[in-house]
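[1] okay, structure incoming, though there's no sequence with it:
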């Protein structure tokens, strides 16, 4: 379409009362047509790398619009940033869409194999972590790595019923506990996480096969496995996000993280270092949505100042999280107390 | 005549660079880590500048850069050179992630923003890090943008760096929607005219 072609000018664009800046000079220099509007505005409004238009005109404007950052003064990242990204992919030799899960042949499984796998799990992938100083490069990653080294939950779960279970049950619980801790610890290291996940899936298969062989499964054990498996899935799910919970000054060195699996609106909160609430007060979790905060319930600070909470649902459109200290006697539907922790920046894992 | 020859050389160099970029993406799709390193070295300065421009925060911009390259590593197989140049694909991935972060931040507000403010020194434009070609393109683009009326440049920048739709720009600035659209259309058409040679290099 020639710029000189004025036969299809958009009515708005020829209405000088509507758009005062379109002088005669502007129109003679560059004419705007209905076709332009149909082509250009969708490009400008929908710059999606996963849904690029196929027609030639749209592509031209797409390329043109994406040229804008080339006008910015270039900024060199710190050298550590390069090391970090290359370190993250170092163990990842296959695209995500083609990850090969380890295949185990049940006929080859024996107790020695299971023992070896379980022992191996106790040091989950830490050996392949980059140096600590590299790990600390990003704020979000730091928060994730520092807040989720919590081996105790699954260990407690296992301890509750350990007397009634076989070594296989303990092995399975321990493997999963360490798996969760290991995976969470690697929150910011997605590529390594997937490697670890594959390994843990293998180990889980081994332990389960061992369990079947020894016929010691019980209902409680199955439920526990399901719980831990669910948590493992959420932490390891590629669609998940982690919201590091940043503490206010009044919360001291409290730290935490919420894992969210958006596809299922499932979440898992882990907070450590938060002082017990004073008498008459309690901590509350709030989901921050476009329509305002929604109460996520009271948080009881457990032993060792640890909070663990999870649920299978959260409000649609949740964009962040807050923990506040609320006066029980004046508790309202909206947060009124002091904000002690905020998780507002998701970190895709 | 000499100037024409220089532009012809530039175009040949640009075409060569474009082919190299596509080859790098294919190698990355095959799991070649060295190719990702090369791609990072070539584009990270522009992409970090983009993330900083969107987020106005050095540390968050670096996080976005890392996430973007991790996404490239994971999704290189999805790149289609018939739909965009490599540079455009990378820009759109980075912009998309940066704007997602920006929106999340805006929704909640930065009530505790000062808690973890980290001051990081960005290393701006060390000598030798830009290619001559990139620098020439930058100058031509700056010239073309400078030729736009400020109000037209403003709507383009709001759309690109803030991720606003035309309607959102109208609501945010109080300018009638029709006027916003007109400014955008005029700006884009003028840029197309002014940057014809750059576009030829990319297509």
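    Alright, I've got the coordinates. These figures come from a predicted structure and were not determined experimentally.
[2] give me phi/psi at residue B:56?
    Here is the backbone geometry of residue B:56 (degrees, to the nearest 10): phi 50, psi 40.
[3] and the pLDDT for it?
    Note on residue B:56: pLDDT of 89.
[4] mind checking how far it is from chain A?
    From residue B:56 over to chain A the distance is 12 Å, taken as C-beta to the nearest C-beta, to the nearest Å. For glycine as for every other residue, the C-beta is placed from the backbone atoms N, C-alpha and C.
[5] one more: residue B:180?
    10 Å.
[6] so which helix or strand takes in that residue?
    helix B:177-194 (DSSP states H and E).
[7] contacts made by the very next helix or strand once past that helix with the rest, please.
    Downstream of helix B:177-194, the next assigned helix or strand under DSSP H and E is helix B:196-202. For helix B:196-202, the external contacting residues (C-beta atoms under 8 Å, 6 or more residues apart in numbering or on different chains) are A:60, A:63-64, A:67, B:7, B:10-11, B:14-15, B:18, B:85, B:87-88, B:137, B:140-141, B:192.
[8] if we go to 7 Å?
    Here helix B:196-202 makes contact (C-beta atoms under 7 Å, 6 or more residues apart in numbering or on different chains) with A:60, A:63-64, A:67, B:7, B:11, B:14, B:85, B:87-88, B:137, B:140, B:192.
[9] surely residue A:257 is within a helix?
    No. Secondary structure of residue A:257 (DSSP: H, G, I helix; E, B strand; the rest coil): strand, not part of a helix.
[10] for residue B:24, see how far away it is.
    Distance of residue A:257 to residue B:24, computed by C-beta to C-beta, to the nearest Å: 35 Å.
[11] go on, residue A:336?
    The value you get for residue A:336 to residue B:24, if C-beta to C-beta is used, is 54 Å.
[12] quick one: pLDDT of residue 20?
    Picking chain A for this. For residue A:20, pLDDT reads 40.
[13] think we crossed wires, I meant chain B
    90.
[14] checking it next. Helix, strand or coil?
    With three-state DSSP as the criterion, residue B:20 reads helix.
[15] report the contact partners of it.
    Contacts of residue B:20 (C-beta under 7 Å, 6+ apart): none.
[16] quick one: the strand or helix carrying residue B:152 near chain A?
    Taking DSSP H and E as the criterion, residue B:152 maps to helix B:150-161. Yes. Using C-beta under 7 Å from any C-beta of the partner chain, helix B:150-161 comes into contact with chain A via B:151, B:156, B:159, B:160.
[17] now render those residues as CSV, adding neighbour count, distance to residue A:341 and pLDDT.
    Shown next, in CSV, are these (neighbours: other C-beta atoms under 10 Å in any protein chain shown; distance: C-beta to C-beta, whole Å; pLDDT from 0 to 100):
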residue, neighbour count, distance to residue A:341, pLDDT
B:151, 15, 43, 91
B:156, 20, 39, 91
B:159, 25, 35, 93
B:160, 22, 34, 91
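[18] residue 38: neighbouring residues, count only.
    Answering for chain A, as no chain was given. Close neighbours of residue A:38, defined as other C-beta atoms under 10 Å in any protein chain shown, add up to 12.
[19] um, chain B though
    Neighbours of residue B:38 (other C-beta under 10 Å): 17.
[20] the helix or strand harbouring residue B:93 vs helix B:150-161, what angle?
    Assigned by DSSP H and E, residue B:93 belongs to helix B:86-108. Orientation check (axes from the mean of the first three to the mean of the last three C-alpha atoms, to 10 degrees): helix B:86-108 against helix B:150-161 gives 90 degrees.
[21] residues touching helix B:86-108, excluding its own?
    A:47-49, A:62-63, A:66, A:69, A:288, A:290, A:319-320, A:344-346, B:21-22, B:25, B:43, B:47, B:50-51, B:54-55, B:60, B:64, B:67-68, B:71-72, B:79, B:163, B:202.
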